[in-house]
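Q: Sequence and predicted model, in that order:
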Amino acid sequence: MKSALPAVFLVVSLAAPCALAGEAKIITVTDEVSAVPGAAVVKDYHGPLPALGAGERDIPQMPGFPTAMGADGTFSPMRGLVFADITGDGYLEIVTSSTDRKIYAWDYTGTAVPGFPVSTIERAQYAPSVADMDGDNDLEIVQFTRGLTSGGRMYILDHTGQILPGFPKSFNNNNITSCPTLYDLDDDGMLEVIVPERAYPIALLHIVEIDGTEWGGNWPVALDHVPTCTAAVGDVNNDGAVEIFYMSYNSMYLLAVDGTILPGWPRQIPNANFSYQSAALADLDGDDDLEIVVGAHKDAAGCYVFHHDGTSYPGWPKYVGTWTYCPPTVTDLEGDGVLEILDGRAGYGPGVPSNCFWAWDSTGAVKPGFPYHNPGGGGSEGPLTVADINGDGLMEIFADHNIMQNEQGYLFGVDAHGNDLPGFPLRPRGFTYMNGATIGDVDGDGDYELGVLSTLDLVVSVNLYDLSDIYAATCRDWKVYHAQNNRGGLYPTCPPCPADVDGSGVVDIDDVFQVLSAWGPCDDCPEDIDDSGVVDIDDIFAVLADWGPC
């Protein structure tokens, strides 16, 4: 295997030529089972193109953006960026990484945060994850890296960019693919990291503490093929303890925290495999356990839903007809309490119009206005993010695209009925493929910003668009890859209204006290009503605005 790798590398490199002005290109990445997974493959595109949109004219970027990172030409960054208040100043920083072997952070003016960028051993291809791992009210940044076929490391940085003791950590010098999942698996108040080691031809799933020590017992868990996703975590079977859902290239696993495989698992999908399609967890039928929503590719490409015992959910799967690496997203588009599932696909090749992504209700029925059809072909395989950006009570959907024309890519934005939003698609410089949008109010001015990475040859643009409407923060948002900055893929459960922090059915002084008790940085906590990443005066104002029964 190893003696043939230079030839593989040469083929991949030659398949990704520099894009010339005026040309249209289409991109994909090599499969997870490849000797060199995740390598960019760019080809000429001859056929109809998506509508240009007015995005660059109507939706400006924030002052100081776009800013730039480097790339190595073979691997492009994947899974976007994170908005998080790592400095504790009440504003959100833009945190991301790239295959130039660096982890970056900027404030909302485009100024580098002191201590960043941080250099890494090997390429930081997948986005970092961010959370307060040790309960000290400061955020940590966790990053995995990968080499061509080996050399990967795990990093934990503090909020100043300092590498914590015990890191970088090697796992037999193997690559560590995907984004980290950060979760308190043992209820000790400290977050653990779920680490998938690519120990070809298998995967080893590790649990690592903030000091770099590993769990023993049944850990690491050996899986039957290479790792392919970011882990999902939730109380799937409603037994009062969380479970870990993970996929190898061949099989799906539901693991207890002690590393044992639960009944009904592992299971496979005939004529299908897994690459990059991290699962979503949500209670689709209101029975208090969680359903597992997964994407699959190859001959049976589509979106699948399973009960906690591994049995198929009624109305599913939904086949999408062509290859897909898209991770599914769960949301409630209309706020009616009925959940929807979103998923995309690679689309058809040059000259063939294509459906890019779907919205189904939980029974598998296609929602009106979907699938989102692009007469210019191509598809969407990055994270599909959703937020109410204009305060109308309905979710808006944002999707990447695998086509670039005139050195500009596409970032689609549609309403809950599949109609293009004003100013969309956006046209950043380079491909948006496998990244998608991150949504948040980075400057605290009451409107959302939209961040997206786009790659052209050796330059990765970090774009930050300033959306103009007053938003409504909801518990139905899925504003970043894998739902939250700590990942995990869990669709949130909410009190009757976000300002009813204690779930009493009325917004009152008790909610004010609870907000005050959680003052400071937080990740996915109910007191952070505006979902800014910090509990502050804006959350007090949100409580006052909703005073009374809800």
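A: Structure's in. What do you need?

Q: I'd like to know the average pLDDT value across the longest strand belonging to the chain.
A: Using DSSP state E, we find that the single longest strand of the chain is strand 459-470. Mean per-residue pLDDT for strand 459-470: 96.

Q: how about the CA coordinates for it, as CSV?
A: Output of strand 459-470 as CSV, limited to C-alpha atoms (Å, rounded to 0.1, in the frame of the first residue of the first chain):
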residue,chain,number,x,y,z
VAL,A,459,-5.7,30.7,-0.9
VAL,A,460,-8.7,30.1,1.5
SER,A,461,-10.9,33.2,1.9
VAL,A,462,-12.6,33.7,5.3
ASN,A,463,-15.7,35.5,4.3
LEU,A,464,-18.0,37.3,6.8
TYR,A,465,-21.2,38.8,5.3
ASP,A,466,-23.3,41.3,7.2
LEU,A,467,-26.9,40.3,7.0
SER,A,468,-29.2,43.3,7.4
ASP,A,469,-32.5,42.1,9.1
ILE,A,470,-33.2,41.9,12.8
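
Q: Give the pairing partners of the following helix or strand past it; include direction for each.
A: Proceeding C-terminally, strand 459-470 gives way to strand 506-507 as the next helix or strand, assigned by DSSP states H and E. Within its sheet, strand 506-507 is paired with strand 548-549 (antiparallel), according to DSSP bridges.

Q: Setting aside sequence neighbours, what's the nearest residue to Pro375?
A: Distances taken as Cβ to Cβ, 6 or more residues apart in numbering put Pro353 closest to Pro375, at 4.5 Å, once the chain neighbours are dropped. To be clear about C-beta, it is placed using only N, CA and C from the backbone, and glycine gets the same treatment.

Q: Can you tell me how far the one you found is from Val193?
A: 43 Å (Cβ to Cβ, to the nearest Å).

Q: who has more neighbours, the two?
A: Between Pro353 and Val193, counting by other Cβ atoms under 10 Å, Val193 is the more crowded of the two (27 against 14).

Q: On the three-state scheme, Ser150 is what?
A: Following DSSP: H, G, I helix; E, B strand; the rest coil, we place Ser150 in the coil state.

Q: Now do it: how many residues are near it, please.
A: So Ser150, with other Cβ under 10 Å, has 16 neighbours.

Q: mind checking pLDDT for it?
A: 98.

Q: hang on, it packs against Ile176?
A: No - counting by Cβ atoms under 8 Å, Ser150 does not reach Ile176; the two are 10.6 Å apart.

Q: residues in contact with Ile403?
A: 24-27, 45, 49-50, 376-378, 409-410 (Cβ atoms under 8 Å, 6 or more residues apart in numbering).

Q: Keep only those of those that are in strands.
A: With strands taken from DSSP E, the overlap with those comprises 24-27.

Q: So which residue is dead centre in this structure?
A: Tyr481 (1.3 Å; Cα atoms, centre = their mean).

Q: Identify the residues contacting that residue.
A: So Tyr481 contacts 79-80, 127, 179, 230, 327, 383, 385, 436, 438, 487 (Cβ under 8 Å, 6+ apart).

Q: Quick check: closest non-adjacent residue to it.
A: Nearest non-adjacent residue to Tyr481, counting by Cβ to Cβ, 6+ apart: Pro383, 4.0 Å away.

Q: and that neighbour, that one's in a helix?
A: No - counting by three-state DSSP, Pro383 is located in no helix; its state is coil.

Q: helices and strands of the chain: which one has the lowest mean pLDDT?
A: helix 5-14 (a mean of 34; mean pLDDT, DSSP states H and E).

Q: Does Asn174 touch Thr149 like I think?
A: No - if you go by Cβ under 8 Å, Asn174 and Thr149 don't touch, sitting 9.0 Å apart.

Q: okay, and the common contacts of those two?
A: Counting by Cβ under 8 Å, 6+ apart, the residues touching both Asn174 and Thr149 are Tyr200.

Q: neighbour count winner among those two?
A: Taking neighbours as other Cβ under 10 Å, Asn174 and Thr149 compare with Asn174 leading, 21 against 18.

Q: Low-confidence ranges, the stretch 1-150 of the chain, go.
A: Applying pLDDT under 70 to the stretch 1-150 of the chain picks out residues 1-22, 51-57.

Q: What sits closest to Pro48 if chain neighbours are left out?
A: Nearest to Pro48 is Gly376, by Cβ to Cβ, 6+ apart, at 4.7 Å.

Q: Now do the contacts for Val338.
A: Val338 touches 332, 361-362, counting by Cβ under 8 Å, 6+ apart.

Q: Most neighbours among the ones in strands among the contacts of Ile403, which one?
A: Busiest of the ones in strands among the contacts of Ile403 [other Cβ under 10 Å] is Ile27, holding 26 neighbours.

Q: Was I right to think that one contacts His401?
A: No - contact between Ile27 and His401 fails when scored by Cβ under 8 Å: they sit 9.6 Å apart.

Q: Mutual contacts of these two, please.
A: Common contacts of Ile27 and His401 (Cβ under 8 Å, 6+ apart): Tyr433.

Q: returning to that earlier point: how far away is the residue nearest to Tyr481 from Gly217?
A: The gap separating Pro383 from Gly217 is 33 Å, by Cβ to Cβ.

Q: Which one's more surrounded, the two?
A: Here Pro383 and Gly217 are set side by side on neighbour count (other Cβ under 10 Å), and the busier one is Pro383, at 30 against 9.

Q: ok, the more buried one - contacts?
A: Applying Cβ under 8 Å, 6+ apart, the residues near Pro383 are 79-80, 327, 329, 400, 435-437, 480-482.

Q: Among those residues, name the buried ones.
A: Using 16 or more other Cβ atoms under 10 Å as the burial test, those include 79-80, 327, 329, 400, 435-437, 480-482 as buried.

Q: Run a quick neighbour tally on Val233.
A: Val233 has 25 neighbours, counted by other Cβ under 10 Å.

Q: check contacts around it.
A: For Val233, the contact set (Cβ under 8 Å, 6+ apart) comprises 181, 183, 185, 194, 242-245, 281, 488-490.

Q: Between the residues you listed, which sits nearest Arg267?
A: For the contacts of Val233, the residue nearest Arg267 by Cβ to Cβ is Phe245; the value is 11.6 Å.

Q: Give me the pLDDT for the closest residue in space to Gly393 that isn't next to it in sequence.
A: Of all residues not flanking Gly393 in the chain, Gly335 sits nearest, at 5.4 Å (Cβ to Cβ, 6+ apart). pLDDT recorded at Gly335 is 88.

Q: Surely Gly335 and Thr474 touch.
A: Yes - counting by Cβ under 8 Å, Thr474 is a contact partner of Gly335 at 7.3 Å.

Q: So the two - more neighbours on which side?
A: Thr474 (20 against 17).

Q: can you tell me how far Val36 sits from Phe75?
A: Distance, Val36 to Phe75, using Cβ to Cβ: 9 Å.

Q: An error on my part: the question was meant for Ala35.
A: As judged by Cβ to Cβ, Ala35 and Phe75 stand 14 Å apart.

Q: Among the two, which residue is more densely surrounded?
A: Set side by side, Ala35 and Phe75 show more neighbours around Phe75, with 26 against 17, by other Cβ under 10 Å.
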